[in-house]
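>>> Take this sequence and fold it.
(one chain, ligands or ions: 1)
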Amino acid sequence: MTDLDTPHTNGSTVSGVDIVLEDVVKSYPGQDKAAVDNVSMRIPAGEIVVLVGPSGCGKTTTMRMINRLIEPTSGKITIGGKDALSIDPDKLRRGIGYSIQQAGLFPHLTIAKNVGTVPGLIGWDKKKIADRTDEMLDLVGLEPDLYRERYPRQLSGGQQQRVGVARALAADPPVLLMDEPFGAVDPITRALLQDELMRLQSDLGKTIVFVTHDFNEAVKLGDRIAVLGNQSHIMQYDTPEAILAHPANDTVAGFIGADASLKQLTLTRVAEVDLLDCPTAYEDGSVDDLRTAISPRKIKWGIVLDARDRPIRWVSLHHLASATSLHDVGDPIDEVVSTQSTLQDALEALLAESSASTIVTGRRGEFRGLITIDTLVAHLSAMREEHAHDDEGGEPEQNGASEGGTPS
Ligand SMILES: Nc1ncnc2c1ncn2[C@@H]1O[C@H](COP(=O)(O)OP(=O)(O)OP(=O)(O)O)[C@@H](O)[C@H]1O
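The predicted structure is shown next:
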């Protein structure tokens, strides 16, 4: 047990605890201005709160004071009702998962040893640590048999980040601090890791404080976003929807960028829109049947699936004209999005493929349908109309965004 353990309530998805910062200040020696000047905020249990702001504004300092990697100069921090400054810092840190850019793995330890670090420190027995390590590797999509005995350098950047998340979660802490954890990976891997974090969080309900300077990432992941200015001054602290619809001032509006309307695509998951159906066939299926299924349709393409329903190739009527089997026919599939992806991810996939539609897969990679550029356009115009009505009716906006307040 750590000092921050909370009883798990069966059936509840929230295992996190509240974090409260009151008048927190950090002055580094030799600096004339405080790096963090009088920050007060409440981070509700079970939510992802994203601290976003320009480089040097004090995001990392603010976050690291929560696990006392940096000691506050003054102020109070309460975690799950307990005064963080009264808990022994080592004990405190064992109760708080921490994941950083480039994963921060110990290079000389195997993946299993890395993941089992905190459980080892808090005295779990070997069998429990080994079981938990495998469970965590599974959770982040790394097959334990393949990865547990490898060393960090034998993994890709994205895989190392996954191990970093597994390690942060291993002792089941109620609180997770994540400092630009996906900052060092390519955009496609980053989008996948973000999707996985969302999936994990919907099962785990931790309290997550997430630092980034990427506003799109903040909108995608955050239940709430704190937009920080110099010295960690909170310029706005609200839901992504509210910040996009009504930026508190010109600086926040400038930070959102000129494409606030497009950013609304980040607020909707692929799972929330209707997907387009498309003819499919297994590799050992009939060429004629697939041709017959495609012929009457507007989009003259079908998809070949493997035995586990995962899409492997696009096939056109042209491909099928001379094919005798569905083995090896068609074009490989480069880009897919998952039902957890946002419409913004779908737009990026469409642009990357220069295609009018992209494939959507479910949790196990199984084919779920297509998303098209028309879906995205229709969604944006529906949102615009909804907010035009909101503005006419004078209703307060909670769940949507308007184009009002976008920067010039
Ligand atoms: N150990 C330190 N000693 C002195 N000054 C520091 C120290 N760490 C950070 N600072 C200063 O405090 C301010 C806030 O730094 P911090 O790293 O918290 O910002 P940040 O918003 O996380 O920046 P970035 O996005 O670039 O990581 C900066 O001006 C930085 O130079």
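>>> Quick check: which ranges of the stretch 151-300 of the chain have low pLDDT?
Scanning the stretch 151-300 of the chain for pLDDT under 70 picks out the ranges 258-262.
>>> burial count for Asp328?
9 (other C-beta atoms under 10 Å). In short, each C-beta sits where N, CA and C put it, glycine included.
>>> Backbone dihedrals for it, both of them.
Per-residue torsions, Asp328: phi 70, psi 10 (degrees, to the nearest 10).
>>> how far away is it from Ser357?
Asp328 is 23 Å from Ser357, where distance means C-beta to C-beta, to the nearest Å.
>>> before we move on, what about Asp18?
With C-beta to C-beta as the criterion, Asp18 and Ser357 are 44 Å apart.
>>> now swap in Leu305 and tell me
Leu305 is 16 Å from Ser357, by C-beta to C-beta.
>>> more crowded one of those two?
The neighbour comparison of Leu305 against Ser357 (other C-beta under 10 Å) goes to Ser357, with 22 against 19.
>>> Quickly list what the more buried one is bridged to.
Beta-bridge partners recorded for Ser357 (DSSP bridges): Thr372.
>>> in terms of contact, does it touch Ala349 like I think?
No. Judged on C-beta atoms under 8 Å, Ser357 makes no contact with Ala349 at a distance of 9.8 Å.
>>> Quick check: phi and psi at the residue in the stretch 101-250 of the chain that the ligand sits nearest to.
Using C-beta to the nearest ligand atom, the closest approach of the stretch 101-250 of the chain to the ligand is made by His213 at 5.1 Å. The phi/psi pair for His213 (degrees, to the nearest 10) reads phi -110, psi 10.
>>> what's the neighbour count on it?
His213 has 18 neighbours, counted by other C-beta under 10 Å.
>>> same thing with Asp223?
Other residues lying near Asp223 total 15 when counted by other C-beta under 10 Å.
>>> can you map out the helices along the stretch 251-400 of the chain?
For the stretch 251-400 of the chain, applying DSSP state H, counting those that start in this stretch gives helices covering 260-263, 287-294, 317-321, 343-353, 373-393.
>>> The ligand is nearest to which of these?
The nearest among the helices of the stretch 251-400 of the chain, by C-beta to the nearest ligand atom, is helix 260-263 at 20.4 Å.
>>> Run a quick neighbour tally on Phe106.
For Phe106, the tally of surrounding residues (other C-beta under 10 Å) stands at 12.
>>> Would you agree it is in contact with Asn114?
Yes. Contact criterion C-beta under 8 Å: Phe106 and Asn114 qualify, at 5.7 Å.
>>> Break this structure down into its structural domains.
What automatic domain parsing lists as the domains of the chain is 19-267, 272-375.
>>> okay, the ones you listed, which one's buried deepest?
Burial of the domains of the chain is given as mean neighbour count (mean count of other C-beta atoms under 10 Å); domain 19-267 ranks first at a mean of 19.
>>> Tell me where the stretch 1-150 of the chain has helices.
Going by DSSP H, counting those that start in this stretch, the stretch 1-150 of the chain shows helices at 59-66, 89-94, 111-115, 117-121, 126-139, 144-147.
>>> Mind putting these into CSV with mean pLDDT and distance to the ligand?
Converted to CSV, the helices of the stretch 1-150 of the chain look like this (pLDDT from 0 to 100; distance: least, C-beta to the nearest ligand atom, whole Å):
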stretch, mean pLDDT, distance to the ligand
helix 59-66, 95, 3
helix 89-94, 88, 17
helix 111-115, 94, 24
helix 117-121, 87, 24
helix 126-139, 91, 27
helix 144-147, 93, 30
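>>> Leu200: which of these is closest?
Among the helices of the stretch 1-150 of the chain, the nearest to Leu200 by C-beta to C-beta is helix 126-139 (6.7 Å).
>>> who touches the closest one?
111-112, 115-116, 119-120, 124, 143-144, 147-148, 163, 166-167, 169-170, 200 (C-beta atoms under 8 Å, 6 or more residues apart in numbering).
>>> Please name the residues that touch the residue of the stretch 101-250 of the chain closest to the ligand.
For His213, the contacting residues are 52-55, 59, 180, by C-beta under 8 Å, 6+ apart.
>>> Relative to Leu265, how far out is it?
20 Å.
>>> Also Val140?
Counting by C-beta to C-beta, the gap from Val140 to Leu265 is 26 Å.
>>> Next: Gly116.
40 Å.
>>> Near the ligand, which residues of the stretch 1-150 of the chain are found?
Contact residues, the stretch 1-150 of the chain versus the ligand (C-beta under 6 Å from any ligand atom): 28, 31, 35, 53, 55-61.
>>> okay if I get the residues you listed as JSON lines plus distance to Arg132?
Conversion of these to JSON lines gives the following (distance: C-beta to C-beta, whole Å):
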{"residue": "Tyr28", "distance to Arg132": "38"}
{"residue": "Gln31", "distance to Arg132": "42"}
{"residue": "Ala35", "distance to Arg132": "37"}
{"residue": "Gly53", "distance to Arg132": "35"}
{"residue": "Ser55", "distance to Arg132": "37"}
{"residue": "Gly56", "distance to Arg132": "38"}
{"residue": "Cys57", "distance to Arg132": "37"}
{"residue": "Gly58", "distance to Arg132": "35"}
{"residue": "Lys59", "distance to Arg132": "31"}
{"residue": "Thr60", "distance to Arg132": "29"}
{"residue": "Thr61", "distance to Arg132": "32"}
